[in-house]
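Participant: Whatever this is, show me its structure:
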Amino acid sequence: MTSTITLVLGLLVVTVVFASIATRLHIPYAILLVVAGALLGLIPGLPAVNLSPDIVLFLFLPPLIYSSAWLTSWREFRANLRPILLLSIGLVLVTMLFVALVVHYLLNLPWAVGFVLGAILGPTDAVAATAIAQRMGLARRVMAILEGESLINDATALVAYTFAVNAVVTGNFQLSMAALQFVLVALGGLLIGLIVAWPISWLHSRLDDAPIEITITLLTPFAAYLLAEVAHVSGVLAALAAGLYLSRRSPRFFSSDTRLQANAVWNVLIFILNGLLFLLIGLQLRQAFNTTGTHSIFVVIADILLVSLAVIIIRLAWVFAETYIPRRLSRRFRTLDPYPDWRNVVILGWTGLRGSVSLASVLALPLLAQNNTPFPERELLISITFGVILVTLVGQGLSLIPLIRILKPGGEESLADEQQHAQQVMLKAALRRLQEVSDRDWVSENQLAHLRSRYEAQLRNLHSQQDETTSEQPANGANHLRLLNEVIRAKRNALIHLRDTGQLDDTIFRGIEHTLDLEEQRFLAEERIL
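Facilitator: Model (predicted):
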């Protein structure tokens, strides 16, 4: 027990140190942690760190999926649903087939082994890619597609992986039955996620205790994931559905205090989970290359390079095909959604980095197959998978920054107009609320006139960057704070309405919501002093 605690603390220290170095070097910490883990694994005398697939699938994956779903822009997700589904479902299945072809015809391995490896390498890991994309200011649509793809392709790949492994273990496979089960598993996972999320939303709306509510948010992804796994449906999609539903509902049931604290807790948690996960991937590399079965290390390296090239080529080909062929064939589609900047298409095609789900899948391969015979080429599959993770995550990840600088694709579309419109609507809502409460006996004319002139001035000059929370307040503070809370509530309701009607992007919504939360907490602190 003591050694385990010491190991975890040591890994956390290494994570913090190398993440800090990555920040100074301006590279994603995920890439540097994989390299650091690989180098640490070469040091003689250090204890071996054996990573169980259950730890990845049941400890790391649920909160990571849930958090990604929570932060997803629902408007952007819906607007880009077609390319997201083509990448997260279509490309995963095509990758599975293409890798199987390469493995069978070029590596001379059985078809079943090829399909298993294809399913393992199907999902991408967007942590490093999105970090680079955000820092380099890529277009919002590229970001939305990358994040949406990474949400769904894990579920697609894990279901395909289950069918492929079962085919090897049992020797039976029926395409029609597999397709039906795929649909049922996906729909079942989404349904379980919503079933879990609804009572949790109800519970949050009746609680007003930040530590308890934050603890509930930490337990929610595990509840959805584990319940779905017990029901033999997709735990990934269950965590995804729960995160999307509760994220949309949270502005109505979280207090500003709870939301600010929860955001801080979750930011730290996601950093720790991602950091540990990529460090552990690196630490497994030595063991992976020490167990190559009957194959020489040179053959394994050649196989890794060949399969890595295959997954890179098929992604580039698929991204270009699904982008240009439908527009070339359909004038209507071309009119509704014109050709995108080809440079953004190249960037999207180059972001097929592999990571945690591929790692967990290959480690979860059973030892025995049909008739208690050893699972075919298990050691080789582990070595190839780790090699492809290293090539794509480090090789493609590090090359992504210079590629973006060379291509100079279309940058981030400005959301300033949306933000200004939201501020305008909120100020008008505040003025309306002031008018509605003007006849209340606790409202002072001086306070009312002060706030009205303040918001009218801000409405006339939205670009002045005036800090609306620093103006001097008249006397009679308790009633003034009550009036300010009425105004904040009106502004918050107007903000939620803009988001719900699709007039405001979720990213801008969360930024303005954060500002309102801070403003409200300052008023509440002053009220407690008074």
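Participant: Now do the buried residues in the strand or helix carrying Val159.
Facilitator: Using DSSP states H and E, Val159 falls within helix 140-170. Judged by neighbour count using 16 or more other C-beta atoms under 10 Å, the buried positions of helix 140-170 are 140-165, 167-168. C-beta here means a position set from N, CA and C on the backbone, and glycine is covered the same way.
Participant: Show me what the helix or strand of the chain with the lowest mean pLDDT is packed up against.
Facilitator: Lowest on mean pLDDT, DSSP states H and E among the helices and strands of the chain sits helix 127-136, with a mean of 77. In terms of contacts (3 or more C-beta pairs under 8 Å, 6 or more residues apart in numbering; DSSP states H and E), helix 127-136 is packed against helix 29-41, helix 140-170, helix 397-407.
Participant: For Leu367, which of these is the nearest?
Facilitator: helix 140-170 (10.5 Å; C-beta to C-beta).
Participant: how big is the angle separating the closest one from helix 127-136?
Facilitator: Here the directions of helix 140-170 and helix 127-136 differ by 170 degrees (axes from the mean of the first three to the mean of the last three C-alpha atoms, to 10 degrees).
Participant: closest to Pro53 out of the helices and strands packed on helix 127-136?
Facilitator: helix 140-170 (11.1 Å).
Participant: about what we covered before: would you turn the helices and strands packed on helix 127-136 into CSV with distance to Leu180?
Facilitator: CSV is the format used below for these (distance: least, C-beta to C-beta, whole Å):
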stretch, distance to Leu180
helix 29-41, 37
helix 140-170, 11
helix 397-407, 38
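Participant: so which of those helices comes closest to Ile272?
Facilitator: Using C-beta to C-beta, the nearest of these to Ile272 is helix 29-41, at 11.6 Å.
Participant: May I see the buried residues of that closest one?
Facilitator: Residues of helix 29-41 classed as buried by neighbour count (16+ other C-beta under 10 Å): 29-38, 40-41.
Participant: just stretch 367-375 next, same as before
Facilitator: Within stretch 367-375, the residues that count as buried by 16+ other C-beta under 10 Å are 369, 375.
Participant: Please apply the same query to stretch 392-402.
Facilitator: By neighbour count on 16+ other C-beta under 10 Å, the buried set for stretch 392-402 is 392-394, 396-398, 400.
Participant: next one: that stretch to chain centre, how far?
Facilitator: 19 Å (C-alpha atoms, centre = their mean, to the nearest Å).
Participant: so how far does it reach from one end to the other?
Facilitator: Stretch 392-402 stretches 15 Å from its first residue to its last (C-alpha to C-alpha, to the nearest Å).
Participant: Tell me which residues are up against that stretch.
Facilitator: 27-28, 30-31, 34-35, 125, 128-129, 132, 136, 278, 281, 308, 311-312, 347, 350-355 (C-beta atoms under 8 Å, 6 or more residues apart in numbering).
Participant: rerun at 7 Å
Facilitator: 27-28, 31, 34-35, 128-129, 132, 136, 308, 350-355 (C-beta atoms under 7 Å, 6 or more residues apart in numbering).
Participant: from those residues, which is closest to Ala79?
Facilitator: Among these, and counting by C-beta to C-beta, the member closest to Ala79 is Thr351, at 19.2 Å.
Participant: What residues of the top helix by length along the chain count as buried?
Facilitator: When the chain is parsed with DSSP state H, its longest helix is helix 256-290. By neighbour count on 16+ other C-beta under 10 Å, the buried set for helix 256-290 is 256-263, 265-266, 270, 273-289.
Participant: and what of stretch 220-235?
Facilitator: 220-229, 231, 233-235.
Participant: and if you look at stretch 122-141?
Facilitator: 122-133, 136, 138-141.
Participant: so which of the buried residues of stretch 392-402 comes closest to Phe60?
Facilitator: Comparing the buried residues of stretch 392-402 against Phe60 with C-beta to C-beta picks out Leu393 as the nearest, at 15.9 Å.
Participant: Distance of the closest one relative to Pro123?
Facilitator: Distance, Leu393 to Pro123, by C-beta to C-beta, to the nearest Å: 13 Å.
Participant: One more: Arg334?
Facilitator: Distance from Arg334 to Pro123, by C-beta to C-beta: 31 Å.
Participant: Kindly report the same for Pro211.
Facilitator: The spacing between Pro211 and Pro123, counted by C-beta to C-beta, is 35 Å.
Participant: do Phe222 as well
Facilitator: Separation of Phe222 from Pro123 (C-beta to C-beta) stands at 20 Å.
Participant: do the same with Ile270
Facilitator: Taking C-beta to C-beta as the measure, Ile270 falls 18 Å from Pro123.
Participant: what's the answer for Val165, then?
Facilitator: According to C-beta to C-beta, Val165 and Pro123 sit 15 Å apart.
Participant: Then Leu240?
Facilitator: Using C-beta to C-beta, Leu240 is found at 13 Å from Pro123.
Participant: can you check Leu403 too?
Facilitator: 22 Å.
Participant: and what of Ile145?
Facilitator: In this view, Ile145 and Pro123 are 15 Å apart by C-beta to C-beta.
Participant: what's the nearest residue to Gly243 if we skip its chain neighbours?
Facilitator: Ala69 (2.9 Å; C-beta to C-beta, 6 or more residues apart in numbering).
Participant: same thing with Val443?
Facilitator: Val437 (5.7 Å).
Participant: Check Ala494 too.
Facilitator: Distances taken as C-beta to C-beta, 6+ apart place Ala429 nearest to Ala494, at 3.7 Å, with adjacent residues excluded.
Participant: OK, contacts around the spatially most central residue of the chain?
Facilitator: In the chain, the centroid-proximal residue (C-alpha atoms, centre = their mean) is Ser68; its distance is 3.0 Å. By C-beta under 7 Å, 6+ apart, the residues touching Ser68 are 147, 150-151.
Participant: again, but for Ala133
Facilitator: Counted by C-beta under 7 Å, 6+ apart, Ala133 has contacts 142-143, 146.
Participant: Same check on Val142?
Facilitator: Val142 touches 133, 344, 347-348, counting by C-beta under 7 Å, 6+ apart.
Participant: okay, now the domains of the chain?
Facilitator: The chain breaks down by automatic domain parsing into domains covering 2-41+52-406, 416-529.
Participant: so which of those domains is the most packed in?
Facilitator: Greatest average neighbour count among the domains of the chain goes to domain 2-41+52-406 (a mean of 19), per mean count of other C-beta atoms under 10 Å.
Participant: Quick check: Gly189 vs Val159, distance?
Facilitator: From Gly189 across to Val159, the span is 9 Å (C-beta to C-beta).
Participant: Please enumerate the shared neighbours of the two.
Facilitator: Going by C-beta under 7 Å, 6+ apart, residues that sit against Gly189 and also against Val159 are Ser234.
Participant: Could you work out the most separated pair of the contacts of stretch 392-402?
Facilitator: Met136 and Ser308 (23.6 Å).
Participant: pLDDT score for Ala430?
Facilitator: In this model, Ala430 is scored at 89, pLDDT.
Participant: Return the residues in contact with it.
Facilitator: So Ala430 contacts 455, 487, 490-491 (C-beta under 7 Å, 6+ apart).
Participant: sorry, back to before: list just the nearest of the buried residues of stretch 220-235 to Ala22.
Facilitator: Pro221 (26.3 Å).
Participant: For that closest one, which non-adjacent residue is spatially closest?
Facilitator: In space, Pro221 is closest to Tyr66, 3.5 Å off (C-beta to C-beta, 6+ apart).
Participant: Same question for Leu306.
Facilitator: Leu106 (6.2 Å).
Participant: That neighbour touches Leu309, doesn't it?
Facilitator: No - counting by C-beta atoms under 7 Å, Leu106 stays clear of Leu309, with 10.4 Å between them.
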